[in-house]
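Engineer: what shape does this take:
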Amino acid sequence: MLRKRGRPSERTSTDQTALLKTALRLFGKSGFEGTNIKTIASEAGVAGSLLYYHYTNKEGLWKAAMFLLGQELHAEMAAAEKLFRDLDPLSFMKAWMRRFVYFSATNPEFHLIITYEMANSSKRADWLLEEILHPLHENFSLKAVQLQNDGTIKKLPLANFFSIAIGATNVFFIQSYQMKKLFNTEVFDNSEIEKHADVVNEIIFNGLLEPVNN
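Structural biologist: Down below sits the predicted model:
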């Protein structure tokens, strides 16, 4: 969330969505342990007491922020289901992946936070799995199994296929600095996002090898 220059005045009320987006950005940057209520309040331009009033503690704020993002993701995928329902299964999966690439570009902190939390077992990790990740996994797996069973794609282990596909959509964006320094690529430019969606679908569904001319 862009803010004007200078120190913001502390307010006793604020736009909850904007506040949660600020919290997401900071949790994505520094992780749960490395982020504190005072910093979030300062960045959002509100009194710290307001955050405690609405969310009780840091974990309450973290859950509210991730739940907001989870709702946005689920709404995005539900919209894809309606928009692409008349496509054949393979075209549907490609369109689904393209939609997820755009979500990843818009919300890189989502994958940063997931990466932090899924490295180890914790109550927060279990909460994320139950509230946000299981529905995403079930949706993806259902489509993948359908494509495997009808012989469209290889019957690869779902755990590997899922991690490769989801990783392909987001690493490009969460490592934006590396992409800029090594390849002079501005990953959040619309043209680069669209290009990345093309590349992801090409590699996952067509592979890397050029056809051999006999």
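
Engineer: mind checking the SS state of the residue nearest to the spatial centre of the chain?
Structural biologist: In the chain, the centroid-proximal residue (C-alpha atoms, centre = their mean) is Phe110; its distance is 3.9 Å. Recorded secondary structure, Phe110: helix (DSSP: H, G, I helix; E, B strand; the rest coil).

Engineer: tell me which stretches of the protein form helices.
Structural biologist: Applying DSSP state H to the chain gives helices spanning 16-30, 37-44, 48-55, 58-83, 89-106, 108-118, 123-128, 134-149, 158-174, 176-183, 190-206.

Engineer: so which of those helices is nearest Asn213?
Structural biologist: Closest to Asn213 of these, according to C-beta to C-beta: helix 190-206, at 16.5 Å. For every residue, glycine as well, the C-beta is placed using N, CA and C.

Engineer: mind listing residues that contact that closest one?
Structural biologist: Helix 190-206 has contacts (C-beta atoms under 8 Å, 6 or more residues apart in numbering) with 90, 93-94, 97-98, 101-102, 105, 153, 164-165, 168-169, 172, 185-187.

Engineer: ChimeraX command to pick out the buried ones of these?
Structural biologist: This is how ChimeraX selects the buried members of the contacts of helix 190-206, with burial counted by 16 or more other C-beta atoms under 10 Å:
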select :93,94,97,98,101,102,105,153,165,168,169,172,185,187
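
Engineer: closest to Val212 out of the helices of the chain?
Structural biologist: Using C-beta to C-beta, the nearest of the helices of the chain to Val212 is helix 190-206, at 14.2 Å.

Engineer: buried ones in the closest one, by neighbour count?
Structural biologist: Glu192, Ile193, His196, Ala197, Val200, Asn201, Ile204.

Engineer: could you identify the most distant pair in those residues?
Structural biologist: Top of the distance list for those (C-beta to C-beta): Glu192 and Ile204, 18.3 Å.

Engineer: would you turn the helices of the chain into TSV with mean pLDDT and distance to Val212?
Structural biologist: Listed next are those as TSV, based on pLDDT from 0 to 100; distance: least, C-beta to C-beta, whole Å:
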stretch	mean pLDDT	distance to Val212
helix 16-30	94	44
helix 37-44	93	55
helix 48-55	90	59
helix 58-83	93	35
helix 89-106	93	23
helix 108-118	93	36
helix 123-128	95	44
helix 134-149	88	24
helix 158-174	93	24
helix 176-183	97	29
helix 190-206	96	14
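
Engineer: could those helices be laid out in TSV, adding distance to Asn213?
Structural biologist: Listed next are these as TSV, based on distance: least, C-beta to C-beta, whole Å:
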stretch	distance to Asn213
helix 16-30	47
helix 37-44	57
helix 48-55	62
helix 58-83	37
helix 89-106	25
helix 108-118	39
helix 123-128	48
helix 134-149	28
helix 158-174	28
helix 176-183	30
helix 190-206	17
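
Engineer: about what we covered before: which residues touch the residue nearest to the residue nearest to the centre of the chain when sequence neighbours are not counted?
Structural biologist: Leaving aside its chain neighbours, Phe110 sits nearest to Leu69 (5.4 Å; criterion: C-beta to C-beta, 6 or more residues apart in numbering). For Leu69, the contact set (C-beta under 8 Å, 6+ apart) comprises Leu24, Asn107, Glu109, Phe110, Ile132.
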